[in-house]
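> Here is the input, now give the coordinates:
(chains A and B)
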2 protein chains.
Amino acid sequence: MRDRPVVAVLEGARPVRGLERVADLAEVRIVQAPDLDRALDGADVLYLWDYFSGALPAAWHAAGSLRWLHVAAAGVDKLLFPGLVASDVVVTNAHGIFDQPMAEYVLGAMLHAAKGFGELRDQQRAGQWSWREGRNIAGTRALVVGTGSIGRATARLLRAVGVQVEGAGRTAVGHDDDFGRVHASADLARVVGDVDWLVLVAPLTPATENLVNAEVIAAFPPTAVVINVGRGRLVDEEALVRSLADGRIAGAVLDTFAVEPLPPGHPLWSLPTVLVTPHLASNTDTWLDDLAAQFERNFLLWREGRPLPGVVDKALGYVPSRS
Amino acid sequence: MRDRPVVAVLEGARPVRGLERVADLAEVRIVQAPDLDRALDGADVLYLWDYFSGALPAAWHAAGSLRWLHVAAAGVDKLLFPGLVASDVVVTNAHGIFDQPMAEYVLGAMLHAAKGFGELRDQQRAGQWSWREGRNIAGTRALVVGTGSIGRATARLLRAVGVQVEGAGRTAVGHDDDFGRVHASADLARVVGDVDWLVLVAPLTPATENLVNAEVIAAFPPTAVVINVGRGRLVDEEALVRSLADGRIAGAVLDTFAVEPLPPGHPLWSLPTVLVTPHLASNTDTWLDDLAAQFERNFLLWREGRPLPGVVDKALGYVPSRS
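As a prediction, this is how the structure comes out:
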């Protein structure tokens, strides 16, 4: 390593923060997308503060000296283009930062659906005092699809409030500390028959795309609520809409969609048992500072040649789970 | 006791259920309010299935043989008229039945406010994809006013998800297993300065009426959210509305109001940071069966002369806490 490595930072619309210490130790080049190739020329590190940007493939030709790429996001499905996958560049993500907010969002979504808060809000806006029965979540059954750090934090939080939790992941596991039992995702249609909550926190990969297909949706019991904080394309959205519109399942709380922003006039906007939120489950009032502090920590490790946390398996498309 | 005691049941609009076993052992008289006096003539037991009825004072002259009154509700503020308080009639309530649903409602209300679900629902209804930051509830501070069984269940559930909880009750307690510390309700204005969540589950008594007065509300920090599942008159509703309308506190989730149903045009219907629900926090899909099973259990104990759970202290106006 040179004495002063070069760190290219793709900033985007939201001002990057927390680079003071890094700038003491490295040459920091903060740029917007059109200047990314110039910033990458001779850069050792690329920090994608603008985690939604698709600018990297077009600038990749200039990334010959790149050794490490850190993205300030959990999902890397949009990032992993073939050139990056084939390269030796180490990719890390914001592993762990979103565990607590996403677990809380999921628990909040369950209580929102169980207590009928969405329809109660609609009644409030209509000035309508109209009694309805909620249900308890204690004792209900949740299946969490995705056994990474977010899925594990979610499972632990749900267990803490008395929900019965199992998991679904790439391969079945007989005993797991967080999930009890982990089913193989390929078996979803066979295991969702008594599930009250299907919680999607899985990464989007070729293996998980359309995982919740029409066959899985048809196997849900009438009490089932789908909570998706992973990626829209994990689900056959049209089959889900039909099942919700027909009242064959109880509801959905969706933070992510096949197309984002959710297009105007899409039926999910108006279904009474659906809550639509604009891809924010991972965010809190501290998330930007948390992301900034994480990059600083990782940079100091990288500079000393120590192992980095949250290294993405570029073939799998996510950070493999610790168990 | 006679071999076959007489049990009068005030039914109301919702058909009473679960009296099969009681009817094997007693003469059961199921009536509506206009016939309550006739049913009470010679009755040993009165079962107020219609817990909202105000019919008892007018029929009280016929209750000369009454020894036990059970009400299928938690709050007894509307029930305790002077003649009943002065009598030897033992009063029991639906102690314990509402602990889990109300604790879950409170947790759901906190997550609803923390994640901005109410305003997100309004945006959804307007077809609007507009990002906003939520906050985590882990590490925030809740003060639960009311240290009975519902308050305790609430405290335990909030602690389970990482919320810092303290309590407020009639008298201060240095160490309490569920609350850690319990403050005296009279000191509220001095202790709410760093509270994120003020949770009201206290009964309405002369000592608690207007407990959250303008002085207390003025002492809240800007992050404060008021959650009221107790009684509307615990709060100075006008002062609360002013503080919410001015944005001096962060929000409120209210299930109970000074006047119910909440009158048309009341400002609480339309404030964006307020969720109004129609007095349903205690109810789930199993509550009627739970209430029925509780009365049957209590009746069998009473018939054998054994102590009853959930005996109301008629002077205090609630079931005294176990600790």
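> Quick one: residues contacting residue A:167.
Going by CB atoms under 8 Å, 6 or more residues apart in numbering or on different chains, residue A:167 touches A:143-147, A:151, A:155, A:173, A:176, A:178-183. Every residue, glycine included, has its C-beta placed from N, CA and C.
> Help me confirm that it is found in a strand?
Yes: Residue A:167 forms part of a strand when assessed by DSSP: H, G, I helix; E, B strand; the rest coil.
> For chain A, which segments count as helices?
Ranges of helices in chain A, per DSSP state H, are A:20-25, A:36-40, A:56-59, A:82-86, A:99-115, A:117-125, A:149-160, A:188-191, A:214-218, A:237-245, A:287-303.
> Give me the contact list for the last one.
Outside of helix A:287-303, the residues within contact range by CB under 8 Å, 6+ apart are A:1, A:5, A:7, A:14, A:16-19, A:21-22, A:25-26, A:45, A:47, A:49, A:68, A:70, A:72, A:92, A:94, A:96-98, A:101, A:284, A:307-310, B:133.
> do the same with stretch A:80-99
Against stretch A:80-99 from outside (CB under 8 Å, 6+ apart): A:51, A:56-57, A:60, A:63, A:66-76, A:79, A:149-150, A:152-153, A:282, A:287, A:290-291, A:294, A:298, A:308-312, A:314-315, A:317, A:319.
> which ones are touching the residue nearest to residue A:107 when sequence neighbours are not counted?
Spatial nearest neighbour of residue A:107, chain neighbours left out: residue A:157 (5.5 Å); criterion: CB to CB, 6 or more residues apart in numbering or on different chains. Taking CB under 8 Å, 6+ apart, we find residue A:157 in contact with A:103-104, A:106-107, B:161.
> which among those end up buried?
A:103-104, A:106-107, B:161 (16 or more other CB atoms under 10 Å in any protein chain shown).
> And the residues you listed, which two are furthest apart?
For these, the farthest-apart pair by CB to CB is A:106 and B:161; their separation is 11.8 Å.
> I'd like the distance between the residue of chain A positioned farthest from its centre and residue B:277.
Farthest-out residue of chain A from its mean C-alpha position, per CA atoms, centre = their mean: residue A:129, at 36.9 Å. Distance of residue A:129 to residue B:277, given as CB to CB, to the nearest Å: 9 Å.
> picking up where we left off before, residue B:37: which of the contacts of residue A:167 is nearest?
residue A:143 (55.5 Å).
> Pull up the distance across stretch A:170-182, start to finish.
9 Å (CA to CA, to the nearest Å).
> how far is that stretch from where the chain is centred?
20 Å (CA atoms, centre = their mean, to the nearest Å).
> Any residue of that stretch touching chain B?
No: Stretch A:170-182 stays clear of chain B (CB under 8 Å from any CB of the partner chain), getting no nearer than 15.7 Å.
> buried set for that stretch?
Neighbour counts over stretch A:170-182 (16+ other CB under 10 Å) mark A:170, A:172-173, A:176, A:178-179, A:182 as buried.
> Kindly report the same for stretch A:152-170.
Counting neighbours by 16+ other CB under 10 Å, one finds that the buried residues in stretch A:152-170 are A:152-155, A:157-159, A:161, A:163-170.
> likewise stretch A:223-243?
Buried residues in stretch A:223-243, counted by 16+ other CB under 10 Å: A:223-237, A:239-241, A:243.
> cool, and stretch A:133-142?
Residues of stretch A:133-142 classed as buried by neighbour count (16+ other CB under 10 Å): A:134-138, A:140-142.
> what's the burial count for residue A:314?
Here the number of neighbours of residue A:314 (other CB atoms under 10 Å in any protein chain shown) works out to 17.
> cool, and the one 4 residues further on?
Under the neighbour criterion other CB under 10 Å, residue A:318 is assigned a count of 23.
> so what pLDDT did it get?
As predicted, residue A:318 sits at a pLDDT of 95.
> how near is residue A:157 to residue B:157?
Note on residue A:157: its distance to residue B:157, by CB to CB, is 12 Å.
> Run through the residues that contact residue A:71.
Residue A:71 sits next to A:48, A:51, A:79, A:91-94 when contact means CB under 8 Å, 6+ apart.
> Nearest residue to it in space, ignoring adjacent ones along the chain?
The shortest distance from residue A:71 to any non-neighbouring residue, by CB to CB, 6+ apart, is to residue A:48 (4.2 Å).
> I figured that neighbour hits residue A:66, correct?
No: the criterion here is CB atoms under 8 Å, and residue A:48 misses it with residue A:66 at 11.8 Å.
> Neighbour count: those two, which is higher?
Per other CB under 10 Å, whichever of residue A:48 and residue A:66 has more neighbours is residue A:48, with 24 against 21.
> how near is that one to chain B?
Applying CB to the nearest CB, to the nearest Å, the value for residue A:48 to chain B is 19 Å.
> Look up how far residue A:158 lies from whichever residue of the stretch 201-323 of chain A sits closest to chain B.
The stretch 201-323 of chain A approaches chain B most closely through residue A:261 (3.7 Å), counting by CB to the nearest CB. Distance check for residue A:261 against residue A:158: by CB to CB, it reads 29 Å.
> now do residue A:240
Relative to residue A:158, residue A:240 is positioned 22 Å away (CB to CB).
> Then residue A:29?
Separation of residue A:29 from residue A:158 (CB to CB) stands at 43 Å.
> For the residue nearest to residue A:72 when sequence neighbours are not counted, grab the count of nearby residues.
The shortest distance from residue A:72 to any non-neighbouring residue, by CB to CB, 6+ apart, is to residue A:291 (4.5 Å). The tally of other residues near residue A:291 (other CB under 10 Å) stands at 22.
> Could you report the pLDDT at residue A:291?
What the model reports as pLDDT for residue A:291 is 97.
> same thing with residue A:65?
98.
> That one - how many residues pack around it?
Neighbour count of residue A:65, defined by other CB under 10 Å: 14.
> what do you get for residue A:256?
22.
> Now do the contacts for residue A:163.
The contact partners of residue A:163, taken as CB under 8 Å, 6+ apart, are A:110, A:137-142, A:197.
> Pull stretch A:299-313 out as CSV, backbone CA atoms only.
Below are the C-alpha coordinates for stretch A:299-313, written out as CSV (Å, rounded to 0.1, in the frame of the first residue of the first chain):
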residue,chain,number,x,y,z
PHE,A,299,-11.2,1.9,6.7
LEU,A,300,-9.0,1.7,9.8
LEU,A,301,-9.1,-2.1,9.6
TRP,A,302,-8.4,-2.2,5.9
ARG,A,303,-5.5,0.2,6.3
GLU,A,304,-3.9,-2.1,8.8
GLY,A,305,-4.6,-5.1,6.6
ARG,A,306,-7.0,-6.7,9.0
PRO,A,307,-10.0,-8.7,8.0
LEU,A,308,-13.1,-6.7,7.1
PRO,A,309,-16.6,-7.4,8.5
GLY,A,310,-19.5,-7.8,6.1
VAL,A,311,-17.6,-9.1,3.1
VAL,A,312,-20.1,-10.0,0.3
ASP,A,313,-19.9,-13.4,-1.3
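> List the buried residues for it?
Within stretch A:299-313, the residues that qualify as buried are A:299, A:302, A:308, A:310, A:312, counting by 16+ other CB under 10 Å.
> can you give me the mean pLDDT across it?
When pLDDT is averaged over stretch A:299-313, the result is 97.
> Check stretch A:42-60 too.
The pLDDT scores in stretch A:42-60 average 96.
> do the same with stretch A:104-124
Here the average pLDDT along stretch A:104-124 is 98.
> Straight-line length of that stretch, end to end?
Per CA to CA, stretch A:104-124 runs 25 Å from first to last residue.
> How about stretch A:160-168?
Across stretch A:160-168, the terminal residues are separated by 19 Å (CA to CA).
> Please apply the same query to stretch A:183-192.
In stretch A:183-192, first residue to last residue: 10 Å (CA to CA).
> contact partners of that stretch?
Residues contacting stretch A:183-192 (CB under 8 Å, 6+ apart): A:143, A:145, A:166-172, A:198, A:202, A:207-208, A:211-212, A:215-216, A:218-220, A:224.
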